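In: Below are the sequence and a predicted model for it; my questions follow.
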Amino acid sequence: MCSFPVKDMPLGDAAINTTSTFCFIINMDDLLTGLSQGIIPGLIVLAYLVIVKWLDSKKESRIETLAKSAATRVEELTNNISTIILAMKELSIELKNITNNIIERDKEKCKVNIELAFMNFTKELCDFGFLTVYNNHLDTNKDIVEQNTKTIVNSEFYKMYSSLSLYEVNGVRPNQFLKTEWKDEFEDALLKTIYKENITDLERVNILRTKLNLKAKDYSNYVYNNIFAD
């Protein structure tokens, strides 16, 4: 279907007249009918066909351009999405590595602090034992020695408890795993070694240091293993 500006020209049903220049709409059947009857010159038909072909080609060219543009845009978006997904995966891996490193450092830091807390605890008990052995008449002052032993163990135990409460790993604090019955065990080890018979004072001090350190090592490992049980 097409329109042409023409002068007044009678074409029956195929035209719409105006006082001067006008447009008329021709479909293919009317065009062929007019041509066969000699009403419409061949040049007009040819011009019609050329214009229709030109319009079709322009439409197809425009559609192809739009299609190519859309395809290019889709490809760009796909590439961008792939790049973003890859970047997110890399970021996820990096964050996981950073998190693991932090956890490992926290573990190591926690372990060191637990060991230091127990070392300080046993050092104070060993110093007390050393001074008690060398500066007291053990037999005549036994009641005082026993009371002082209970006091020093209790005091240093809760210092250690307070120190370990400052750290938290995996939502728990190391002091949660300290057992109050350990105080009795350290107190017993102190008194038995201080009053051990048939050994020298130096032997007494060395035995005391060894006993306390072994106990502290066992209990620090117990605390650490319970924190990182998972």
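Out: Sure thing, it's come through. Residues are numbered from 1 along each chain as shown.

In: pLDDT of stretch 51-71, averaged?
Out: Averaged over stretch 51-71, pLDDT sits at 67.

In: Residue 216 contacts residue 120, correct?
Out: No - the pair residue 216 / residue 120 is not scored as a contact, 9.6 Å apart, by C-beta atoms under 8 Å. Quick note: C-beta positions are derived from backbone N, CA and C, even for glycine.

In: Looking at the two, which is more packed in?
Out: For residue 216 versus residue 120, neighbours defined as other C-beta atoms under 10 Å are more numerous around residue 216 (22 against 15).

In: helices or strands up against the helix or strand that contains residue 205?
Out: Per DSSP states H and E: residue 205 is located in helix 201-227. With contacts taken as 3 or more C-beta pairs under 8 Å, 6 or more residues apart in numbering; DSSP states H and E, helix 201-227 sits against helix 42-135, helix 181-194.

In: By mean pLDDT, show me the worst of those helices.
Out: helix 42-135 - the lowest mean pLDDT of the helices and strands packed on helix 201-227, at a mean of 73.

In: quick check: angle from whichever helix or strand comes after that helix to helix 201-227?
Out: Following helix 42-135 in sequence order, the next helix or strand is helix 142-164 (DSSP H and E). Orientation of helix 142-164 against helix 201-227 (axes from the mean of the first three to the mean of the last three C-alpha atoms, to 10 degrees) gives an angle of 30 degrees.

In: in helix 142-164, what counts as buried?
Out: 145, 148, 149, 152, 153, 156, 157, 160, 161, 163, 164 (16 or more other C-beta atoms under 10 Å).

In: And the average pLDDT for it is what?
Out: Computed over helix 142-164, the average pLDDT equals 93.

In: Please save the CA atoms from that helix in PDB.
Out: Provided in PDB are the C-alpha atoms of helix 142-164 (Å, rounded to 0.1, in the frame of the first residue of the first chain):
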ATOM      1  CA  LYS A 142      52.800 -26.400 109.900                       C
ATOM      2  CA  ASP A 143      49.400 -24.800 110.600                       C
ATOM      3  CA  ILE A 144      50.600 -21.500 109.300                       C
ATOM      4  CA  VAL A 145      52.200 -23.100 106.200                       C
ATOM      5  CA  GLU A 146      49.000 -25.000 105.400                       C
ATOM      6  CA  GLN A 147      46.900 -21.800 105.700                       C
ATOM      7  CA  ASN A 148      49.300 -19.800 103.600                       C
ATOM      8  CA  THR A 149      49.400 -22.500 101.000                       C
ATOM      9  CA  LYS A 150      45.600 -22.500 100.700                       C
ATOM     10  CA  THR A 151      45.600 -18.700 100.500                       C
ATOM     11  CA  ILE A 152      48.300 -18.500  97.800                       C
ATOM     12  CA  VAL A 153      46.700 -21.200  95.600                       C
ATOM     13  CA  ASN A 154      43.200 -19.700  95.900                       C
ATOM     14  CA  SER A 155      44.500 -16.200  95.200                       C
ATOM     15  CA  GLU A 156      46.600 -17.100  92.100                       C
ATOM     16  CA  PHE A 157      44.000 -19.400  90.700                       C
ATOM     17  CA  TYR A 158      41.400 -16.600  90.600                       C
ATOM     18  CA  LYS A 159      44.100 -14.200  89.100                       C
ATOM     19  CA  MET A 160      44.500 -16.800  86.300                       C
ATOM     20  CA  TYR A 161      40.700 -17.100  86.000                       C
ATOM     21  CA  SER A 162      40.400 -13.300  85.700                       C
ATOM     22  CA  SER A 163      43.200 -13.100  83.100                       C
ATOM     23  CA  LEU A 164      41.700 -15.800  80.900                       C
END
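
In: now the angle from that helix to helix 181-194?
Out: Using the same axes, to 10 degrees: helix 142-164 against helix 181-194 is 140 degrees.
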